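Trainee: Would you be able to build a 3D model of this:
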Amino acid sequence: MAFEMTKLVGAEFPLFAFSHCRDVVAAVSRAGAFGVLGGARFSAQSLEQELKWIDDHVDGKPYGIDILIPEHQAVKAGTSVEAIAAMLPTEHRTFVADLLRRSGIEPRAEPPQGRATTAYDGEPLLDVAFKHPIRLIANALGIAPPMMIERARRHGVPVAALVGAKEHAIRQINAGVDVIVAQGGEAGGHCGEVSTLVLIPEVIAAISKIRKVPVLAAGGIMTGRQMAGMMAMGAAGAWTGSVWLATSDSETSEVLRDKLIAATSRDTVRSKYRTGKFSRQLRSAWHDAWETQGAPAALPMPLMSVLVEPVLQQINSAALKGNPQAQELVTYFVGQGVGLIDGVKSATRVVQDFKEDFAEAMSTVMAWSE
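Mentor: Numbers count the residues shown, from 1 in each chain. Below you'll find the predicted structure:
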């Protein structure tokens, strides 16, 4: 069966897997789907290392990258983490330090490890990305900037944009993007409030009046049957994230993996207390602490990330060492589909399950039509 999106990016099956983990990206693409590396956390140097590794382990199969270039943030793009840290209010510094101490963790001041050392600045990352054989580049949190679209055109790479409302989709289409990822409120990470079931037909109807652009469905999609349902409504494929977090290939720790498996679909929350913008996360004692009376308000992006990422790294480290209070605080970006995670599988197995579920769902629909 030929699909519009597979022809566009060169994959065999229109399942797109967003992950911060290169192992997941490579495994998914090798299995016939399409891995997308979340690149916002990397510096230009570390992104080069990650993409070189993927090139060497993807067996020539196609993959893509998501580079976060927010349309709005509180500081100029490229501002150093040190400069941003100097802007953090004493109230917020004191709050997170006290939270750590109450959890038996001694606070220490250090920049986040493994992420960019500046405010979200996509241009250096684009320089790296276009040196590699990427087949798709995506952007979130605002209109894909002209320089991304122009450079992608020169390299023959389609541009995707994540949206959470039909108005956002219309703006992206007018800006010139090639693919819309319509992400419902069930999704992990930065998301809007409209459910996937409503958002997909709404976006498709709105943009069809302007020009024909494939729409990928995102938000709560954990099975091939759900994927088939979205495509029955007109989506060109599925964009997924949460389903890969509990895989054996994922970057998640054993502590977090156990929490994800135990969680229900009600155990997530849209919160600003990680990045400064609303994102869906696994609810934990971290959110309870920030929501207590007298706690400071969330800072804008990227100040909030600079404040909390080193703290969350300390929490994760303490949790792995057996600190029960730290384990209660552990959280991560995940969608409401977490309730459908029932164990650890390889990313390859998840792709195969999607293919089998998708085929069964399509067969069922065809049987009903006879």
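Trainee: Residue 30 reaches residue 61, doesn't it?
Mentor: Yes - under the criterion of C-beta atoms under 8 Å, residue 30 makes contact with residue 61 at 5.5 Å. C-betas here are computed from N, CA, C, even on glycine.
Trainee: Overlap in contacts, those two.
Mentor: Both residue 30 and residue 61 lack any common contacting residue under the criterion C-beta atoms under 8 Å, 6 or more residues apart in numbering.
Trainee: quick one, helices of the stretch 201-350 of the chain?
Mentor: In the stretch 201-350 of the chain, the helices defined using DSSP state H, counting those that start in this stretch lie at 224-232, 254-262, 285-290, 303-320, 324-329, 347-369.
Trainee: Residue 248 is nearest to which of those helices?
Mentor: Evaluated with C-beta to C-beta, the helices of the stretch 201-350 of the chain place helix 347-369 nearest to residue 248, the distance being 7.7 Å.
Trainee: who touches that closest one?
Mentor: With C-beta under 8 Å, 6+ apart, helix 347-369 has contacts from 13, 15, 17, 23-24, 27-28, 30-33, 223-225, 227-229, 232, 243-244, 247-250, 345.
Trainee: same question, stretch 170-182
Mentor: 5, 8, 16, 136, 138, 143-144, 146, 149, 158-164, 169, 196, 199-200, 203-204, 206-207, 210-211, 213-218, 235-236, 239.
Trainee: For the worst-scoring helix or strand of the chain on mean pLDDT, name the packing helices and strands.
Mentor: Here the helix or strand of the chain ranked lowest by mean pLDDT, DSSP states H and E is helix 81-85, holding a mean of 82. Contacts defined by 3 or more C-beta pairs under 8 Å, 6 or more residues apart in numbering; DSSP states H and E place helix 81-85 against helix 303-320.
Trainee: Now do the helix it packs on against helix 254-262: the angle between them, please.
Mentor: If you take axes from the mean of the first three to the mean of the last three C-alpha atoms, to 10 degrees, helix 303-320 sits at 100 degrees to helix 254-262.
Trainee: I'd like the average pLDDT over helix 303-320.
Mentor: Average pLDDT, helix 303-320: 93.
Trainee: Restrict that helix to CA atoms and write it as PDB.
Mentor: The C-alpha trace of helix 303-320 is given here as PDB (Å, rounded to 0.1, in the frame of the first residue of the first chain):
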ATOM      1  CA  LEU A 303      14.200  31.100  32.100                       C
ATOM      2  CA  MET A 304      12.100  28.300  33.500                       C
ATOM      3  CA  SER A 305      14.100  25.600  31.700                       C
ATOM      4  CA  VAL A 306      17.400  27.100  32.800                       C
ATOM      5  CA  LEU A 307      16.200  27.100  36.400                       C
ATOM      6  CA  VAL A 308      14.700  23.600  36.600                       C
ATOM      7  CA  GLU A 309      16.700  21.300  34.200                       C
ATOM      8  CA  PRO A 310      19.700  21.100  36.500                       C
ATOM      9  CA  VAL A 311      17.400  20.500  39.500                       C
ATOM     10  CA  LEU A 312      15.500  17.700  37.600                       C
ATOM     11  CA  GLN A 313      18.800  16.100  36.700                       C
ATOM     12  CA  GLN A 314      19.800  16.000  40.400                       C
ATOM     13  CA  ILE A 315      16.400  14.500  41.200                       C
ATOM     14  CA  ASN A 316      16.800  11.800  38.600                       C
ATOM     15  CA  SER A 317      20.300  11.000  39.800                       C
ATOM     16  CA  ALA A 318      19.100  10.700  43.400                       C
ATOM     17  CA  ALA A 319      16.100   8.600  42.400                       C
ATOM     18  CA  LEU A 320      18.300   6.100  40.700                       C
END
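Trainee: For it, which residues meet the burial criterion?
Mentor: For helix 303-320, burial by neighbour count (16 or more other C-beta atoms under 10 Å) applies to 303-312, 314-316, 318-319.
Trainee: Residue 176: neighbour count?
Mentor: Counted with other C-beta atoms under 10 Å, residues neighbouring residue 176 total 17.
Trainee: Distance check, it against residue 199.
Mentor: Shown here: residue 176 relative to residue 199, a distance of 21 Å by C-beta to C-beta, to the nearest Å.
Trainee: just residue 79 next, same as before
Mentor: Residue 79 is 33 Å from residue 199, by C-beta to C-beta.
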